[in-house]
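**Student:** I need the structure of the sequence given here:
(one chain, ligands or ions: 3)
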Amino acid sequence: MPSLSVFGAQWGDEGKGKIIDLLAREADVVVRYQGGANAGHTVVVAGVKYVMHLIPSGILHRDKLNVIGNGVALDPLALFAEIDELGSRGVVIDGSNLRLSSGAHVIFEHHRRIDLAAERWRGVGRIGTTGRGIGPCYADKAARTGLRIADLLEPERCRARLTAALAEKNAHLRDVHGEAPLDLDQQLSRYMALAERLAPFVGDTGAEVRAAYRAGKMVLFEGAQGAMLDLDHGTYPYVTSSSTGTNGIPSGAAFPARWIERVVGIAKAYCTRVGEGPFPTEDSGPEGDRIREQGREYGATTGRPRRCGWFDAPQMRYTLELSGADGWVMTNLDVLSGFPRIKVGVGYRLGAKRFAEWPASLASFEGLEVEYEELPGWNDDLTAVREYGDLPAAARAYVEWVEARVGVPIVMLSVGPQRDQIIPRRDAPLVHSSV
Ligand code: GDP
Ligand code: IMO
Ligand code: MG
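**Tutor:** Ligands and ions are numbered 1, 2, ... in the order given. Got it, this is the predicted structure:
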């Protein structure tokens with residue numbers, strides 16, 4: 001199975017990092033195709049925790065090629081901070097195991113400043129962004145005023161385009177937000193120096209990935225964020241600024257849609273969200289607090305407490321269908337141990353109107369009520385279980401009930417943050433051989 005898309009099927013933080021790291025054992029190339037350092041993908045190896053933001057989660061396997069595609073919004077400062085941090089922990093990263101697309105757009109300091117200022121400007125309507133400059137960078141990409149890595153590598157072109165961009169951004173910072181403008185010379189010398197360090201990593205990664213695929217290599221695509229944060233199909237405007245599902249791959253990795261052979265979504269056995277915006281199955285009471293404490297649900301990028309709630313079956317049907325998922329991985333099943341009853345969202349009501357499926361056409365989700373079903377819980381600790389048949393009967397009943405409601409097979413269950421805390425569920429191989 002030479003190409004596999006793995007994406008977050010909820011609102012992010014589904015455990016993508018752990019699953020990508022696991023599947024990367026069987027892959028040759030791991031590709032990020034959208035988002036930027038707003039992502040926080042956690043991998044735990046032999047008790048040691050690594051959090052990847054920009055670098056693909058295959059990087060801990062020495063012999064894999066990791067690629068940052070053209071669809072990523074790349075902050076060179078964040079990239080080198082991450083390379084240095086991983087380097088200090090023995091992970092060697094150079095142009096042989098990490099490649100950057102010359103077409104990736106660059107996040108500058110002005111993007112980060114405008115991201116934060118725009119959030120203050122929005123007041124109660126704020127999105128709760130990660131403050132990493134993602135929205136302003138993609139806005140400039142669409143406005144055709146952005147700079148790509150290729151522009152950064154050509155000093156004269158970089159000088160001209162960054163000078164023009166800063167003239168506009170400084171006016172915006174000063175006149176709209178009342179902030180001090182950025183110093184042009186300082187910005188030019190900083191980013192032109194970073195360009196030199198970037199150069200050995202840069203290339204036409206689309207061509208490199210396509211060539212690898214044609215040569216029979218296994219290519220694994222790592223989605224960032226979650227499908228409910230997708231710019232087009234998520235809970236707009238409370239979304240991120242990229243196409244977070246499998247649909248982002250053709251444009252963000254320069255990889256033909258028809259070459260994507262298998263698609264796997266990742267979702268928790270419950271649900272979380274960071275930042276503002278609709279989250280119908282959110283539980284703001286003691287049970288939500290208990291999920292947060294048992295699941296240690298605090299953001300991997302910003303440290304913010306995650307909003308917690310219950311699995312939402314129509315929401316999952318929606319995101320798995322949008323990406324054409326063949327299967328999905330249920331993570332964090334261990335976190336639900338000890339709950340006497342477990343709720344699952346099965347439909348919604350708005351006044352007299354009932355929705356059996358995700359109500360994607362609503363402008364606002366205000367007043368939307370969830371219809372729940374409840375299943376019996378279990379008390380056993382699941383973290384040492386490795387065989388499906390060894391799970392308590394109530395846990396198996398929960399998994400199978402949810403799977404039937406969602407209508408897409410669960411291919412693996414995750415019962416802890418470690419690499420080996422995994423329960424295979426289906427015989428069908430995910431990649432070359434069974435994982
Ligand atoms: P990502 O953004 O989708 O990669 O997810 P994050 O890394 O932001 O958040 C997932 C968190 O859950 C991390 O702290 C992981 O180490 C942890 N995790 C992953 N899988 C499991 C699991 O099955 N059980 C538990 N308890 N934690 C998990
Ligand atoms: P991973 O890849 C969870 C959320 C932010 C905010 C909204 C917009 O770790 O799953 P942005 O900074 O992108 O403009 O913020 O999106 N968000 C995430 N939530 N996990 C993420 O990434 C996220 N990346 C962005 O909290 O609500
Ligand atoms: Mg995360």
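
**Student:** from the middle of its chain, how far away would the lengthiest strand in the chain be?
**Tutor:** Determined from DSSP state E, the single longest strand within the chain is strand 341-350. Chain-centre distance of strand 341-350: 25 Å, with C-alpha atoms, centre = their mean, to the nearest Å.

**Student:** how about stretch 28-39 against ligand 2, any contact?
**Tutor:** Yes. Judged by C-beta under 6 Å from any ligand atom, stretch 28-39 comes into contact with ligand 2 through Asn38, Ala39. The way it works is simple: take the backbone N, C-alpha and C, and place the C-beta from them, glycine included.

**Student:** Contacts for the longest strand of the chain next, please.
**Tutor:** Contacts with strand 341-350, where a contact means C-beta atoms under 8 Å, 6 or more residues apart in numbering, come from 280-281, 283, 310-315, 336, 354-356, 359, 362, 367-377, 398, 401-402, 405.

**Student:** Show the subsequent helix or strand relative to that strand.
**Tutor:** Going down the chain from strand 341-350, the next helix or strand is strand 353-355, by DSSP states H and E.

**Student:** which helices and strands does that next one pack with?
**Tutor:** strand 341-350 (3 or more C-beta pairs under 8 Å, 6 or more residues apart in numbering; DSSP states H and E).

**Student:** partners of the strand it packs on in the sheet?
**Tutor:** The pairing partners recorded for strand 341-350 under DSSP bridges are strand 311-312 (parallel), strand 353-355 (antiparallel), strand 369-376 (antiparallel).

**Student:** from the chain's centre, how far out does the following helix or strand past the last one sit?
**Tutor:** Using DSSP H and E, the helix or strand that directly follows strand 369-376 along the chain is helix 393-406. Put simply, helix 393-406 sits 25 Å off its chain's centre (C-alpha atoms, centre = their mean).

**Student:** what comes into contact with helix 393-406?
**Tutor:** Here helix 393-406 has contacts from 269, 311, 313, 316-317, 320, 328, 330, 333, 336, 342, 344, 346, 375-378, 380, 382, 388, 391, 409-410, 413, using C-beta under 8 Å, 6+ apart.

**Student:** That helix and ligand 1, are they touching?
**Tutor:** No. Figure legend: helix 393-406 not in contact with ligand 1 (C-beta under 6 Å from any ligand atom); closest approach 12.7 Å.

**Student:** On the C-terminal side of that helix, identify the next helix or strand.
**Tutor:** Counting by DSSP H and E, what follows helix 393-406 is strand 410-414.

**Student:** which helices and strands sit right next to that following strand?
**Tutor:** Applying 3+ C-beta pairs under 8 Å, 6+ apart, we find strand 410-414 packed against helix 16-24, strand 327-331, helix 393-406, strand 422-424.

**Student:** got the buried residues for the last one?
**Tutor:** Read that as strand 422-424. Within strand 422-424, the residues scored as buried using 16 or more other C-beta atoms under 10 Å are Ile422, Ile423.

**Student:** Let me know the average pLDDT across it.
**Tutor:** Strand 422-424 shows a mean pLDDT of 96.

**Student:** near ligand 3, which residues of this structure?
**Tutor:** Asp13, Gly40, Ala300 (C-beta under 5 Å from the ion).

**Student:** Give me the buried subset of the residues you listed.
**Tutor:** Judged by 16+ other C-beta under 10 Å, buried ones among these: Asp13, Gly40, Ala300.

**Student:** Surely the second one touches Thr301?
**Tutor:** Yes. Using C-beta atoms under 8 Å, Gly40 is in contact with Thr301, at 3.6 Å.

**Student:** sorry, back to before: export the buried ones among the residues of the chain next to ligand 3 to JSON lines and append columns for distance to ligand 1 and pLDDT.
**Tutor:** Putting those into JSON lines (distance: C-beta to the nearest ligand atom, whole Å; pLDDT from 0 to 100) gives the following:
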{"residue": "Asp13", "distance to ligand 1": "4", "pLDDT": "97"}
{"residue": "Gly40", "distance to ligand 1": "5", "pLDDT": "97"}
{"residue": "Ala300", "distance to ligand 1": "4", "pLDDT": "82"}
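
**Student:** which residues does the closest residue to ligand 2 within the stretch 201-350 of the chain contact?
**Tutor:** Using C-beta to the nearest ligand atom, the single residue of the stretch 201-350 of the chain nearest to ligand 2 is Gly275, 2.1 Å away. With contact set as C-beta under 8 Å, 6+ apart, Gly275 has these partners: Ile127, Gly128, Thr129, Thr130, Tyr238, Arg304.

**Student:** what does stretch 114-122 contact?
**Tutor:** Counting by C-beta under 8 Å, 6+ apart, 126-129, 131-136, 169, 172-173, 176-177, 179 sit against stretch 114-122.

**Student:** Among the residues you listed, which pair sits farthest apart?
**Tutor:** Gly128 and Lys169 (22.8 Å; C-beta to C-beta).

**Student:** Settle it for me: which of the two has more neighbours?
**Tutor:** For Gly128 versus Lys169, neighbours defined as other C-beta atoms under 10 Å are more numerous around Lys169 (23 against 16).
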